[in-house]
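J.: Next comes the sequence, and after it the predicted model I'd like to discuss.
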Amino acid sequence: MSLADQAPPRASRGATKTAGPTSWIERIPAAWWAAALVLLAMPLVANNFWLFQVMGWTFILGMIAVSLTFLAGYGGMVSLLQMSIAGLAGYMVAILGPSGTTSISLGLSWWIVLPAAFLIAAIFATLSGALAVRTEGIYTIMITLAIAAAFFYFTRQNYTIFNGYSGFNLVLPPRLFGVDWRDPVAFYYLCLGCAALCYGAVVYVSRSPFGLALQGVRDNPRRMAALGFNVTAHRVAAHAFASIFASMGGILLVWQNAQIAPGTIGISSAIDVLVVAVVGGMRRPLGAFVGAFIYVILQTFSPDVLGAFGFSAERFKLIIGIGFLAVVLFSPDGVMGLWDRWRARAARRVDPLTGQPR
Amino acid sequence: MEKFAKNHPLWTLVIALLVAGFLWLVFAPWPPELEAAVGRKRIFLNALLGGITLGALYFLVASGFTLIFGLMRTVNLAHGSLFLLGGYIGYEVATQSGSWLLAFPVVFVVVGFLGLVMQRFIFSHMEGEELRQTLVSIGLSIVLADLMLWFWGGQSYTTLAPALLRGPVELPIISSINPTSGEAIYIRYPSVRIWILVAAIVIGLAMWLVLNRTSLGMVIRAGVDDREMLAASGVRIKLVFLAVFVFGAGLAGMAGIIGGTFQSLSPGEDTRFLLASLVVVIVGGMGSIAGAAIGAIIIGVTEQMGLVYAPTYSVVFTFLIMAAVLAFRPQGLLGAGR
Amino acid sequence: MSLSTVNERPGQMNSGNALELRGITKMFGALAAIADVTISVRPGERRAVLGSNGAGKTTLFNCITGDFPATSGIIRFFGEDVTAFPPYERIRRGLRRTYQISSLFAGLTVIDNVYLACRGVSRNRYSLLRPRSDDALVHAAEMLVEAVHLTAVKDRLVGELAYGQQRQLEIALAMSGAPRFILFDEPAAGLSPTERRDLVTILTSLPAHIGYIVIEHDMDVALRVVESVTMMHNGRVFKEGKPSEIEDDPEVQELYLGGGHG
């Protein structure tokens, strides 16, 4: 279907190529080392607001968005459920672990709570994924949007488990290794580590048998079946696998806000995840994090800018909407696509033999 | 129908019994035991009628959505925004001019024109790129939602129905029997809601007639069934697409006036009606007007019944119906096989 | 245990055929694309299915692989009734096919395409671990790429390949794993004379235990690589026999050979 035409990441080029004589460390480009250094050294220069709010939220949103990038870019399935899955994992941490709502929260230990949260979110993702893959292509967006909405309204109306409108507050991370993980610096490194893990996992798995098969399913499901693959099972498995990243983001999100309520998983949040992934570009997993950074920067600083021009801070949504429209209309592969094209043009201006500008 | 009865005698019996039981529930006065068990008949009837009226409103919104999807494969996620915009404009026209009826042609023209701009200048340039069209429509809905919030603020508006349509009417359905006099008490129901139902039926029939009895309708149906054939047959397809989009948008706008009259308008209603359209169309089947009608009634009645009898889980019922349809008949109740 | 004896697959014992079709019919609406087709092919046998356009040849392939399930009839593959199996189950039992219009993964490289084909009929399809460079399947994939003369372009994206190369890759995909029977759908279509000679070499040098059915319009190719021929006309089997018999049959000549070349 045309979904596949939209976002064909080509990360798999030479996936099964036999390794050359250089080790994998040597093959990492210098730009990556620089980026890693900047990210690791950031707490030396940035203030707590920047570390905790801006960067923390960027990594979290990026993790949730990268789960969509995985599904859409490699699997050709655009799901609006990833925020709901993140929210469910967050809710599970609040319900099974300790929170301010002692009448509901079970207060279990973290080593039960965290695996259970991942597991329950994965089960939810598998079941809803199984429903969504009953149909193909563009239907997926509609069905996942409807399921996301149903889950949102359910959490809002259900008081016995999800505590309705008010949700849960005082949901704090466990104090592991004597570290207060809500301390801005510690939380920054926690998010950075998790985000790097998610990014690495997506890149790695994209070239594994499962990841390759998923790209095959995206490009040509019928042929995949004629090669011995169970297409439906692969699609459902992709939903389950992507839920891991969303859950990780969701759990960190609860810890960052110290609370979770239906508003966190509302329709507009579900759509925001799509906006982030598309603006960043779904061809490459990095796009999710780039998109998240742009989104968070806009959200954080546009109220001041808008205020300076005499607009209400609410016009932020207008900026996001227009920006999103501009990206979809003029650069369907997002900011990363723009970047790639700019690089390609720059490379053409450089003489391939001498490396000097022509 | 005869064929169905011959092939599935058991199912026919079950369906006949269910229909008979339902008719009895509606028309017969309820025995005291039943009222003790599930509550007053008046409440049941009100929920049922409310559900059907809501279904009529959902149908008006969803029929445009399903036609646009069926013909152009465009999932217009800004459809709810057109509904809300129509409602707001209708409110302004009705209060400024004092004429509720005048709001309808004005809204149809204004919102239809917006639909024309969307289709002519945006969607028609990305034909066949379903995902991109959908993403654009999401962007449009974000922009429209914020613009509407800017102009009309966060408060809720209710458009006043004209005096003629206000007040209740008595329906020939027995609500209960007065125990002292033995007189039958008939159900009273707001007349505006009856008119909404009538209007939806008239519009639905008109659409059915246009689709099944005119050459334009033939083109549209052929397009829904087989897009290549349409392109090959040399019909001026762009014009047909445009007409359907404008009509669907205008209809959503007019539904907004009705929604603003019998419920209210506020930010968030756009998403609500978009979701209702999605569920209605998933249940009824993409691109099918009759499917939209059946889906709308099912969802409307389920929602109202749920609100009355199990308020906590009313959303879940709607969702379960959708999930069941997807699991057993992914193309929807009246949808064509893919 | 006793369950397995009760559950004895009925087709298992009664024939030594690689592929057995009984009364296969495929309806599209009221139109029968193929009607009551009965064909048996021995293991290792190589057969051509000939017929004009619309005779139902590709539909027959689609029914055999399960791409479109047959409306009625029975399909046995090496004795096992596979009529109700989804395509991937049939493929895992050693059935393969190529497509008339190349059906490849344009966004993946040549080697990844073949690797996927090898992976599809092996275990660990869901593995999240990248294959090591000494992985047996990677090796098998490289051998196959070699066999269809594509080693030079193995790291290119399939979307960038020339038409003839895509046809060769199509055949490599069908030869992955341990095929027992292959369906070739017009493998020579669109190939140059040189490429056609290559194709004949590839087909005739397949291991003797691998049987196949080939749909082909080019009689020079078709009759050189098969030992038996089935003629189809209007969705029905019209004639069966040796290539020489079919070539000489006056009815066939009038219907197909004469009309086709005249």
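T.: That came through, no problem. Numbers count the residues shown, from 1 in each chain, chains lettered A, B, ... in the order given.

J.: separation between residue B:80 and residue B:256?
T.: According to Cβ to Cβ, to the nearest Å, residue B:80 and residue B:256 sit 10 Å apart. In this view, the C-beta of every residue, glycine as well, is placed from N, C-alpha and C.

J.: meant to ask about residue A:66
T.: Taking Cβ to Cβ, one finds residue A:66 at 38 Å from residue B:256.

J.: One more: residue A:226?
T.: Going from residue A:226 to residue B:256 by Cβ to Cβ gives 49 Å.

J.: With residue C:246 instead?
T.: On the measure of Cβ to Cβ, residue C:246 and residue B:256 end up 70 Å apart.

J.: which of those two has more neighbours?
T.: Per other Cβ atoms under 10 Å in any protein chain shown, whichever of residue C:246 and residue B:256 has more neighbours is residue B:256, with 33 against 23.

J.: per-residue confidence for the residue in chain C that chain A sits nearest to?
T.: Across chain C, the shortest distance to chain A (Cβ to the nearest Cβ) belongs to residue C:120, at 3.5 Å. You'll see residue C:120 listed with a pLDDT of 79.

J.: Would you confirm that it contacts residue C:173?
T.: No. The criterion here is Cβ atoms under 8 Å, and residue C:120 misses it with residue C:173 at 9.1 Å.

J.: Touching both of those two, which residues are there?
T.: residue A:227 (Cβ atoms under 8 Å, 6 or more residues apart in numbering or on different chains).

J.: Up against chain A, what does the stretch 51-200 of chain B have?
T.: Neighbours of chain A within the stretch 51-200 of chain B, by Cβ under 8 Å from any Cβ of the partner chain: B:73, B:75, B:77, B:122, B:128-132, B:134-136, B:138-140, B:142-143, B:145-147, B:149-150.

J.: Mind giving me the PyMOL select for those residues, buried ones only?
T.: To isolate the buried ones among those in PyMOL, judged by 16 or more other Cβ atoms under 10 Å in any protein chain shown, type:
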select buried, chain B and resi 73+75+77+122+129+130+131+132+134+135+136+138+139+140+142+143+145+146+147+149
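
J.: Relative to its centre, which residue of chain B is most distant?
T.: residue B:180 (42.1 Å; Cα atoms, centre = their mean).

J.: Give the helix, strand or coil label for it.
T.: coil (DSSP: H, G, I helix; E, B strand; the rest coil).

J.: now it: how far from chain C?
T.: 65 Å (Cβ to the nearest Cβ, to the nearest Å).

J.: give me every residue that touches that residue.
T.: Counting by Cβ under 8 Å, 6+ apart, residue B:180 has no contacts.

J.: Give me the distance between it and residue B:153.
T.: On the measure of Cβ to Cβ, residue B:180 and residue B:153 end up 52 Å apart.

J.: And residue C:31, by the same measure?
T.: For residue C:31, the distance to residue B:153 - Cβ to Cβ - is 60 Å.

J.: okay, these two: which has more neighbours?
T.: residue B:153 (11 against 8).

J.: Show me where chain C has its helices.
T.: Assignment of helices within chain C using DSSP state H yields the ranges C:2-6, C:11-14, C:57-65, C:87-92, C:110-120, C:136-147, C:163-174, C:193-204, C:219-225, C:243-248, C:250-252, C:258-261.

J.: Between the ones you listed, which one is closest to residue B:214.
T.: helix C:57-65 (36.7 Å; Cβ to Cβ).

J.: Who are the contact partners of the residue nearest in space to the middle of chain C?
T.: Centroid check for chain C by Cα atoms, centre = their mean gives residue C:183 as the closest residue, at 1.2 Å. Contacts for residue C:183 were tallied using Cβ under 8 Å, 6+ apart; they are C:61, C:64, C:65, C:95, C:96, C:97, C:98, C:174, C:212, C:213, C:214, C:215.

J.: Type out the PyMOL command that picks the buried ones from the residues you listed.
T.: In PyMOL, this line selects whichever of those come out buried by 16+ other Cβ under 10 Å:
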select buried, chain C and resi 61+64+65+95+96+97+98+174+212+213+214+215
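
J.: Pull out whichever of the contacts of residue C:183 are also neighbours of chain A.
T.: Contacts with chain A within the contacts of residue C:183, counted by Cβ under 8 Å from any Cβ: C:65, C:97.

J.: Using a markdown table, lay out the contacts of residue C:183 together with pLDDT.
T.: Shown next, in a markdown table, are those (pLDDT from 0 to 100):
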| residue | pLDDT |
| --- | --- |
| C:61 | 88 |
| C:64 | 90 |
| C:65 | 88 |
| C:95 | 88 |
| C:96 | 87 |
| C:97 | 87 |
| C:98 | 86 |
| C:174 | 85 |
| C:212 | 90 |
| C:213 | 90 |
| C:214 | 90 |
| C:215 | 89 |
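
J.: okay if I get the contacts of residue C:183 as a markdown table plus distance to chain B?
T.: Output for the contacts of residue C:183, formatted as a markdown table (distance: Cβ to the nearest Cβ, whole Å):
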| residue | distance to chain B |
| --- | --- |
| C:61 | 22 |
| C:64 | 22 |
| C:65 | 20 |
| C:95 | 26 |
| C:96 | 27 |
| C:97 | 23 |
| C:98 | 25 |
| C:174 | 27 |
| C:212 | 32 |
| C:213 | 29 |
| C:214 | 30 |
| C:215 | 25 |
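
J.: Let me know the closest of the contacts of residue C:183 to residue B:292.
T.: Closest to residue B:292, out of all of the contacts of residue C:183 and judged by Cβ to Cβ, is residue C:65, at 37.4 Å.
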